[in-house]
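Q: show me the folded form of this:
(3 chains)
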Amino acid sequence: MSTREQQVLDRIDKARRRRPKVREERITLSHGSGGKATHTLIEAIFLEAFRNPMLEPLEDAAAFTVGTGPDTARLALTTDSFVVSPLFFPGGNIGDLAVNGTVNDLAVSGARPLHLSAGFILEEGFPVADLTRIVDAMAVAAQAAGVAIVTGDTKVVQRGKADGCYINTAGVGVVEHPGLGVATVRPGDAILVSGPIGEHGITIMLARGELDIDADLTSDTAPLHELAAGLLAVPGVRALRDATRGGVATILNEMAKAAEVAVVVDEQAVPVAEEVRGASELLGIDPLYVACEGRLVAVVDGACAERALAALRAHPLGEQSAIIGRVAEDPPGIVLLNTTFGGTRIVDLLVGDPLPRIC
Amino acid sequence: MCLGIPGEIIEISQERPDLAKVAVSGVKRTINIGLLSDDPPTPGEWILIHVGFALSKIDEKEAAAALEFLESIGKAYEDELAALRDSRID
Amino acid sequence: MRFVDEFRDADKARALSAKITSLCEPGRQYKFMEVCGGHTHTIYKHGLEDYLPENINLVHGPGCPVCVIPMGRVDDAIHIARRPDVLMTSFGDMMRVPGSGGNFFDSNAEGTNIRMVYSPLDSLKIARQNPDLRVVFMAIGFETTAPSTAMTVLRAAQEGLRNFSIFCNHVTIVPAIKAILDSPDLRLDGFIGPGHVSTVIGCRPYEFIARDYGKPVVVAGFEPLDILQSIYLLMKQLARGRSEVENQYTRVVPWNGNEVALRAIGQVMELRPYFEWRGLGFISHSAMKVRDAYADFDAERIFEVPGVRVADPKACQCGEVLKGVLKPWECKVFGTACTPETPIGTCMVSPEGACAAYYNFGRFTRSRVREASQHEHA
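A: Sure thing, here's the model as predicted:
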């Protein structure tokens, strides 16, 4: 490589490490997609203002200890808001997401989910029958996840706002597996995913009805606390994440950057359902960036990879789990993909949502 | 503007013969086949889809020929590799 | 996936790669340009350059219709979209192209209603569903997409739709290729010819390249094996001192193109006397506008469009990148002022723009990447 090219690459690396700054004057949709714009927003605005040691790791949940002396407990707290449209889709509705999403954030933090809160923002004119459907789904999901919804709030806003119904859930759990986190990730670790990717995101895109595509796809929304617990019984689990918006690619990038390691993925090994692949090709979208709502990404000690895989596969929600790659030392902060074709390329964070490609 | 995906014609619409349902890896979509009106496709044929329109038919014979060429290159390569393996200069 | 997976086979790629290497004259450097943005995307997405010997260089050309839209036209589109009764529809990769005041996402944040569509026909559906709104389709693309836009206008006319129009930014590929060939700073050995444009215009329009400029052209498909085979065919021509137009993409591209598609374009559109291409300047007879007969569907006639020419930012070197004179990392602002988050030029915005492709996919050298992946395979 020429010195000039190396200089430029170094400049890019430096620029990437610079203090994030939000350049836009107004919020755009890109800020909500989970990609670069979102991260910049979080770091430059929220982290700047709220900075404290529990927030800084920016993991799926925050962990802290309560109590003194012999009577302490380590708790995890998380929150998530749900604004999906359409509210009802194959595989569930916004209520399922609201419960499962928060349960999962706790589960991947090594916590046993205990209780949830549920705040509703309802649009004037929203059918009560629809609200009932959503809330019933939440009750069923909560029961399946072994949690109780113990407190909540309701607001109604004028017609035209809130897209029918927005839900925020917060959850608290007891940390039973402390020490999980990207800080422990190191070269040689294996990366596992608990099932086929991209099902939720594609289902939602198709359910919006604008694309005129018919597919037999359903959202993969599911509570992963049991799956996670089964996996955590195996030694050597370093970190767990649930792959939501931004997809698996975003999770892997976050891990690579936080742990300053390289993540090398084998394209062949990544499970993708035929129809997700077909729809993605049709739209020109990469399934690696498409949201899931019921998939774990796990980093485990390389020596324990097979045991971890077996543990995941033992659970119905993890039947199609796969080892998709390894952690390497170099180049740090980068996710590489070994393509089915035999070449290698970089999988970077997207700026905003994956935009359908025409070309 | 290049993204073209191969799809298989499932059925032609009765009321609108310029529309057809196609399948791509099990995913179905209705597309407009008006650009192929000189030689309309029939169910079972494959076409190239671009922004909701069929741009061209996929010629299965040509596709087979292309693959055959690639196979032959592959075979020649394998043969060479085998020959290399088997030959010894010591 | 049929007709896709078979053309992504790694073993065949290695075989082709060996054949290509065997045709290389020792000490000679080869420079091929792939014109299509789609080809650029495939090359980077599949790490194709790993399969080529060091002395073959691929140069990325201006066949990315999103990349060549000048900032002034984006501003014009936003100007139309600012009208409260206008709903603009656009392809996805157009949404992030920067005008002088931001892109379509930014302008939506300020109140415009610009919606992403997958097909121009979706715009008709939206127009039917919203009779009080005027739906304007941001029509972009080379000859690949122009027929679809034309068919959509014909359909709208047939239905008597009164609230639909297009903002026509279709461009044609041949003038761009000619501008490259006439460019003094570029010495190319051959072209990986446009794939899907050729399904419409056929292969004849490229004959002038072989005949008048003596450069071989191979019309190529979009799977990695297609591109490798096309490079192999180019090398074969060079080895035999030939310069001809060849069709590698025979399963899809008819030599004479698609008559119906060409007729549809001709019925609805005609060539503009000249059009500005970002980075390439004004090129005559290189873009389409709506014919008088379809004036009711021409957004430029229905709405007042400022038509202000916006010069590219001084730092932007998109033009040279588009012509293949500069590699992405050779641009002074690549990676610093110009990144995918803060793109100055369109080469960085569109996923097929050479800069975006390189930044997102190819940022590390072949050897460094090979090292890392070998370590992982070990």
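Q: residue C:253 against residue C:194, yeah?
A: No. Under the criterion of C-beta atoms under 8 Å, residue C:253 is not in contact with residue C:194, lying 9.3 Å apart. Where you see a C-beta, it was placed from the backbone N, CA and C, and this is true even at glycine.
Q: more crowded one of these two?
A: With neighbours defined as other C-beta atoms under 10 Å in any protein chain shown, residue C:253 and residue C:194 compare such that residue C:194 has more, 34 against 30.
Q: summarise which helices and strands the longest helix anywhere in chain A is packed against.
A: The residue-count maximum for a helix in chain A (DSSP state H) belongs to helix A:128-145. Where contact means 3 or more C-beta pairs under 8 Å, 6 or more residues apart in numbering or on different chains; DSSP states H and E, helix A:128-145 is packed against strand A:92-93, helix A:94-107, strand A:111-123, strand A:148-157, strand A:165-175.
Q: would you format those as a markdown table with mean pLDDT and distance to residue C:63 included?
A: Shown next, in a markdown table, are the helices and strands packed on helix A:128-145 (pLDDT from 0 to 100; distance: least, C-beta to C-beta, whole Å):
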| stretch | mean pLDDT | distance to residue C:63 |
| --- | --- | --- |
| strand A:92-93 | 96 | 43 |
| helix A:94-107 | 96 | 41 |
| strand A:111-123 | 97 | 46 |
| strand A:148-157 | 97 | 48 |
| strand A:165-175 | 97 | 43 |
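Q: need the overlap of contacts for residue C:253 and residue C:194.
A: residue C:219 (C-beta atoms under 8 Å, 6 or more residues apart in numbering or on different chains).
Q: can you tell me the closest non-neighbouring residue to residue B:7?
A: In this structure, residue B:7 finds its nearest non-sequential neighbour in residue B:22, 3.8 Å apart by C-beta to C-beta, 6 or more residues apart in numbering or on different chains.
Q: residue C:185 now?
A: residue C:325 (4.9 Å).
Q: ok, that neighbour to chain A distance?
A: For residue C:325, the distance to chain A equals 15 Å [C-beta to the nearest C-beta, to the nearest Å].
Q: so that residue sits in a helix?
A: No. According to DSSP: H, G, I helix; E, B strand; the rest coil, residue C:325 belongs to no helix; its state is coil.
Q: got a list of what it touches?
A: Per C-beta under 8 Å, 6+ apart, neighbours of residue C:325: C:183, C:185-186.
Q: I'd like to know how far the closest residue to residue A:301 other than its chain neighbours sits from chain B.
A: Leaving aside its sequence neighbours, residue A:301 sits nearest to residue A:236 (C-beta to C-beta, 6+ apart; 3.2 Å). When distance is defined by C-beta to the nearest C-beta, residue A:236 is 36 Å away from chain B.
Q: neighbours of the residue of the stretch 1-150 of chain A found nearest chain C, just the number please.
A: Sorted by distance to chain C under C-beta to the nearest C-beta, the residues of the stretch 1-150 of chain A start with residue A:12, at 3.7 Å. Neighbours of residue A:12 under the rule other C-beta under 10 Å: 17.
Q: surely it is in contact with residue C:333?
A: No. Shown here, residue A:12 and residue C:333 do not form a contact pair, counting by C-beta under 8 Å, at 11.4 Å.
Q: of all the helices and strands packed on helix A:128-145, which one comes closest to chain B?
A: strand A:92-93 (20.3 Å).
Q: so is stretch C:248-264 next to chain B?
A: Yes. Stretch C:248-264 reaches chain B (C-beta under 8 Å from any C-beta of the partner chain) through C:248, C:250-254, C:258-261, C:264.
Q: chain center to whatever helix or strand residue A:263 lives in: distance?
A: Following DSSP states H and E, one finds residue A:263 within strand A:262-266. Its chain's average C-alpha position is 18 Å from that of strand A:262-266, according to C-alpha atoms, centre = their mean, to the nearest Å.
Q: what of stretch A:262-279?
A: Computed by C-alpha atoms, centre = their mean, the chain-centroid distance of stretch A:262-279 equals 16 Å.
Q: show the end-to-end separation of that stretch, please.
A: Stretch A:262-279 has its terminal residues 30 Å apart, counting by C-alpha to C-alpha, to the nearest Å.
Q: what of stretch A:284-301?
A: Criterion C-alpha to C-alpha; first-to-last residue distance in stretch A:284-301 is 35 Å.
Q: mean confidence for that stretch?
A: The average pLDDT for stretch A:284-301 rounds to 93.
Q: can you list the buried residues in that stretch?
A: A:284-301 (16 or more other C-beta atoms under 10 Å in any protein chain shown).
Q: these in helices, which ones?
A: When the buried residues of stretch A:284-301 are checked against helices (DSSP H), there are no matches.
Q: who touches stretch A:266-278?
A: Stretch A:266-278 has contacts (C-beta under 8 Å, 6+ apart) with A:193, A:195-199, A:202, A:215-217, A:248, A:280, A:287-288, A:290, A:320, A:322-325, A:337-340, B:24-27, C:1.
Q: any idea how many residues pack against the closest residue to chain A within chain B?
A: When scored by C-beta to the nearest C-beta, chain B has residue B:25 as its residue closest to chain A, at 2.7 Å. Residues lying near residue B:25 (other C-beta under 10 Å) number 22.
Q: isn't it right next to residue A:281, touching?
A: Yes. Using C-beta under 8 Å, residue B:25 makes contact with residue A:281 at a distance of 7.2 Å.
Q: give me the buried positions along stretch C:93-107.
A: Neighbour counts using 16+ other C-beta under 10 Å place C:93-99, C:102-107 of stretch C:93-107 among the buried residues.
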